[in-house]
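Q: here is the input, now give the coordinates:
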Amino acid sequence: MNNLFIVNTPFHLLTSFILSKGFFPEDNNYLALIHPHGYEKWASNPLMNYISSTQCGYKEIFPLIHFLSSRNKTVPFKTQVQQVQNSIGKLHIDNVFLGSDIDPQNQLLVASLDINNFNRFEDGLYSYYNENRRRSKLDELFHKLKIWSIKKSAGIKNTKLYINTSTASDSKSGIADYMYKPELLQRFSPNPIVITKDKINIAINDLKSKKFLQQKINNPAILYLSQPLVEQKLFSIEEELHCLQSLIKPLNKQGQLLYKPHPNDSKDKINYFQEKIPQLKIFNSIEPAELLYTIEDNLIAVVSYQSTALMYTDKFSNHVIKAISLSDFAQSPMYYKYKEIMQNAGVYFPNRLNDIIKILMKG
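A: This is a model prediction of the structure:
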């Protein structure tokens, strides 16, 4: 079988690698990269470079970075479509896998190849519930007209592929959903398929055997996946600081708080936290946080507001890593359906500073 994986983010890239190694190791697997987040950093990161290359098993890589996008002003849309038809199209793809079925370029690539259906794979928390993100009928129609306009100017004839502009994971052309925790789904899926720990381990063992995953944390550590809470006025800077200070209380003097900045974090905020918390260490990696769970035995907890990475500690780790959301401390807590899903995934939701300490101290 010939499989095409369409990737937009580092998390998509990791999941595609797991699917290709765990589910389809005997197939011919191909990788298409469409507006990949942080792509300029992938080449300089050995692991990211490996899992986005033919070295890890893909037969060919198609870097369609600005496919049918206004950012590509040099190559006409019709020419771009002809190029993918003359390259990917000649491979006679049997199965397409993609993370986002509302992304216009993802859908246009599938349509360009005259393929009428696809498999979805996990795109994080919004893959599990999508009703609160559904567009109005007017907005949905507006975006449909935009995509139809691009299809016409690009000469795409495919009329059978359903064009989804309503909400994530809602395309009628989606025939299956490969999920880390399909039991938590609160939306319709035509065929939910669990990505088991055994499948994950096949891919992880490949990375370990090639020395891409090596333990680096020598003392107890907590990973903080920052989000722009202060910048969005969900927290005051003092409130977020107090939460961070509570996180390090159970650690000894050698323990560390690994702070992974969000792209929208202000430098002033980060500098303020570094000044107030000597044990804080900036951890700025493009690699998905889930990979840390697989190798760092001294990682005792991961903390964030609403990061999807909180949901998968048990899927990727062989030891207990506590997942803690700070949502209940915020001026505007997360949407109740998302909280319910995350709680069912084993995420803690403390609402007092002392509760954070109790969770971390609990065996």
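Q: make it CA atoms for all contacts and neighbour counts henceforth
A: Fine.
Q: in the protein, where is pLDDT below threshold?
A: Across the chain, the ranges flagged by pLDDT under 70 are 363.
Q: would you map out the domains in it?
A: Annotated domains of the chain cover 2-209, 221-361 [automatic domain parsing].
Q: and Ile222, what is it in contact with?
A: By C-alpha atoms under 8 Å, 6 or more residues apart in numbering, the contact list for Ile222 reads 247-248, 256-258, 299-303.
Q: ranges for the strands of the stretch 51-200 of the chain?
A: For the stretch 51-200 of the chain, the strands defined by DSSP state E, counting those that start in this stretch cover 60-64, 95-98, 118-121, 174-179, 192-194.
Q: please identify the most buried of these.
A: Neighbour counts (mean count of other C-alpha atoms under 10 Å) averaged over each of the strands of the stretch 51-200 of the chain peak at strand 118-121, with a mean of 24.
Q: by contact count, what packs against that one?
A: Judged by 3 or more C-alpha pairs under 8 Å, 6 or more residues apart in numbering; DSSP states H and E, the packing partners of strand 118-121 are strand 95-98, strand 174-179.
Q: which residues sit against the longest one?
A: Strand 174-179 has contacts (C-alpha under 8 Å, 6+ apart) with 101, 117-122, 189-195.
Q: TSV for the contacts of Ile222, including distance to Ser52, secondary structure and neighbour count?
A: Formatted as TSV, these follow (distance: C-alpha to C-alpha, whole Å; DSSP: H, G, I helix; E, B strand; the rest coil; neighbours: other C-alpha atoms under 10 Å):
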residue	distance to Ser52	secondary structure	neighbour count
Leu247	35	helix	24
Ile248	36	helix	20
Gln256	31	strand	23
Leu257	30	strand	25
Leu258	26	strand	20
Leu299	27	strand	25
Ile300	30	strand	19
Ala301	29	strand	22
Val302	26	strand	25
Val303	28	strand	23
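Q: looking at those residues, which is nearest Ser285?
A: Leu258 (11.1 Å; C-alpha to C-alpha).
Q: how close does the closest one sit to Arg71?
A: For Leu258, the distance to Arg71 (C-alpha to C-alpha, to the nearest Å) stands at 36 Å.
Q: again with Ile88
A: Counting by C-alpha to C-alpha, the gap from Ile88 to Arg71 is 22 Å.
Q: neighbour count winner among these two?
A: Higher neighbour count among Ile88 and Arg71: Ile88, with 20 against 9, using other C-alpha atoms under 10 Å.
Q: list the residues that contact the more buried one.
A: Leu113.
Q: and the residue of the chain most remote from its centre, how far from Leu280?
A: Most distant residue from the mean C-alpha position of the chain: Lys253, 33.1 Å away (C-alpha atoms, centre = their mean). In this view, Lys253 and Leu280 are 11 Å apart by C-alpha to C-alpha.
Q: my understanding was that Ile282 contacts Lys260; is that so?
A: Yes: counting by C-alpha atoms under 8 Å, Ile282 does reach Lys260; the two are 6.1 Å apart.
Q: who has more neighbours, the two?
A: Set Ile282 next to Lys260 and count neighbours by other C-alpha under 10 Å: Lys260 wins out with 19 against 14.
Q: what pairs with the more buried one across the strands?
A: Leu225 (DSSP bridges).
Q: now for it: which residues touch it?
A: Counted by C-alpha under 8 Å, 6+ apart, Lys260 has contacts 223-226, 282-285.
Q: could you redo the last one with a cut-off of 10 Å?
A: By C-alpha atoms under 10 Å, 6 or more residues apart in numbering, the residues touching Lys260 are 223-227, 281-286, 289, 304.
Q: what of Phe23?
A: 17, 195, 199-200, 202.
Q: filter those residues to the buried ones?
A: Buried members of the contacts of Phe23, counted by 16 or more other C-alpha atoms under 10 Å: 17, 195, 199-200.
Q: any chance of those residues in JSON lines, with distance to Gln331 too?
A: Shown next, in JSON lines, are these (distance: C-alpha to C-alpha, whole Å):
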{"residue": "Phe17", "distance to Gln331": "38"}
{"residue": "Ile195", "distance to Gln331": "35"}
{"residue": "Lys199", "distance to Gln331": "40"}
{"residue": "Ile200", "distance to Gln331": "37"}
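Q: let me know the closest of those residues to Tyr348.
A: Ile195 (23.1 Å).
Q: from memory the closest one sits against Pro182, does it?
A: Yes: counting by C-alpha atoms under 10 Å, Ile195 touches Pro182, with 8.6 Å between them.
Q: joint contacts of those two?
A: Any residue near both Ile195 and Pro182 by C-alpha under 10 Å, 6+ apart counts here, and that gives Glu122.
Q: for Pro192, give its distance to Gln107.
A: Counting by C-alpha to C-alpha - Pro192 and Gln107 are separated by 21 Å.
Q: check Pro220 too.
A: Distance from Pro220 to Gln107, by C-alpha to C-alpha: 44 Å.
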